[in-house]
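**Q** sequence? don't have it. structure:
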Ligand code: IPM
Ligand code: MG
């Protein structure tokens, strides 16, 4: 298995280094994996004048899976839009056709007090958000800023074809089948035609999955319900922009955005794996970041692309163990636990493995 390692910007290199330590352990235990690194985001711009350099895309195409850190930083904010780090991320998702983004939100019991919600609201939380990743207002045409009637107008297009909705629906129903068999489709069909079609297609696809209970919720209500009573949800499926927002909200239920991994899959389960958090320029280079979301992304890689559930479980158990031991990076630290650095956390996971 060939893994393209794309550390990116900010804390990306620090957290990815910890995940690579984990992969090195698996390798020394006999896993047949090969890793190759390449720059993306601001690092891609610095190295090759492009947030997704040709060579990086080529490596990602030939790899079986991609491990990504994070992209972006204030030093790149003034660049022309197509050269900005985020564009590199959006392009690699699109180029590799990674349309299904899986974002789990899971609460480790020991971290209940790190959540901003009351422990009884979040304890036992285990929710999966399936976010469509290559369509919607993120990619719809036309888009732009132009002069109309003597003033500037900005515009984007929210657009989904039924085939785009159908393929992500199948992924979501498939995942719901392996979980609690409840799927909540989130849209804004009371206002948007795009959402009306989304909902219709979800209902059509549900006929293939009679065991799954499909429900529908408007996105504003879903945002409220996630904060009010998040345990009502098992699996959620939603479009690109709604999923972007709801998954950040859901991440906080689990105590820290630094704990949550993600998988972005194509039709054949080739995937890109990344923490859902960003490049955190404020703490980058200080060895303070939480590497657990990236390490858990490696577990997802084993689960979804390599279909090696035993290794996925092994990595997840190692993470549970270090949490149970009381080790905490700053983002999840609470009184009475032991504060550790990014690399110390990585070492502890390696030891637990
Ligand atoms: C995410 C991020 C990205 C997105 C940004 C960095 C382009 O917020 O992965 O959720 O909006 O998809
Ligand atoms: Mg986001």
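**A** The structure has been received and is ready for your questions. These numbers come from a predicted model, not from an experiment. Numbering: from 1, shown residues only. Ligands and ions are numbered 1, 2, ... in the order given.

**Q** and the strands in this structure?
**A** Taking DSSP state E as the test, the strands found in the chain are 2-8, 34-37, 65-70, 100-106, 126-132, 144-148, 151-155, 182-187, 213-218, 235-238, 261-265, 271-275, 327-328, 338-339.

**Q** show the average pLDDT along the fourth one.
**A** In this model, strand 100-106 has a mean pLDDT of 95.

**Q** so which elements touch that strand?
**A** strand 126-132, helix 162-178, helix 240-253, strand 261-265 (3 or more Cβ pairs under 8 Å, 6 or more residues apart in numbering; DSSP states H and E). In short, each C-beta sits where N, CA and C put it, glycine included.

**Q** could you dump these to TSV with mean neighbour count, distance to ligand 1 and mean pLDDT?
**A** Shown next, in TSV, are the helices and strands packed on strand 100-106 (neighbours: other Cβ atoms under 10 Å; distance: least, Cβ to the nearest ligand atom, whole Å; pLDDT from 0 to 100):
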stretch	mean neighbour count	distance to ligand 1	mean pLDDT
strand 126-132	24	8	97
helix 162-178	19	15	97
helix 240-253	21	5	93
strand 261-265	25	7	97
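
**Q** in the protein, which residue is most central in space?
**A** residue 262 (3.2 Å; Cα atoms, centre = their mean).

**Q** excluding its backbone neighbours, what's nearest residue 106?
**A** Spatial nearest neighbour of residue 106, excluding adjacent residues (Cβ to Cβ, 6 or more residues apart in numbering): residue 126 at 5.3 Å.

**Q** quick one: contacts for that neighbour?
**A** 104-107 (Cβ atoms under 8 Å, 6 or more residues apart in numbering).

**Q** quick check: the gap between it and residue 245.
**A** 21 Å (Cβ to Cβ, to the nearest Å).

**Q** and what of residue 59?
**A** 31 Å.

**Q** low-confidence stretches in the stretch 251-353 of the chain?
**A** Nowhere does the stretch 251-353 of the chain drop to pLDDT under 70.

**Q** what about the helices in it?
**A** Per DSSP state H, counting those that start in this stretch, the stretch 251-353 of the chain carries helices over the ranges 292-304, 309-324, 342-352.

**Q** how about those in CSV, adding distance to ligand 1 and mean neighbour count?
**A** Formatted as CSV, the helices of the stretch 251-353 of the chain follow (distance: least, Cβ to the nearest ligand atom, whole Å; neighbours: other Cβ atoms under 10 Å):
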stretch, distance to ligand 1, mean neighbour count
helix 292-304, 12, 26
helix 309-324, 21, 17
helix 342-352, 20, 19
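
**Q** adding distance to residue 12, write those helices out as a markdown table.
**A** Compiled in a markdown table, those are given as follows (distance: least, Cβ to Cβ, whole Å):
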| stretch | distance to residue 12 |
| --- | --- |
| helix 292-304 | 9 |
| helix 309-324 | 19 |
| helix 342-352 | 12 |
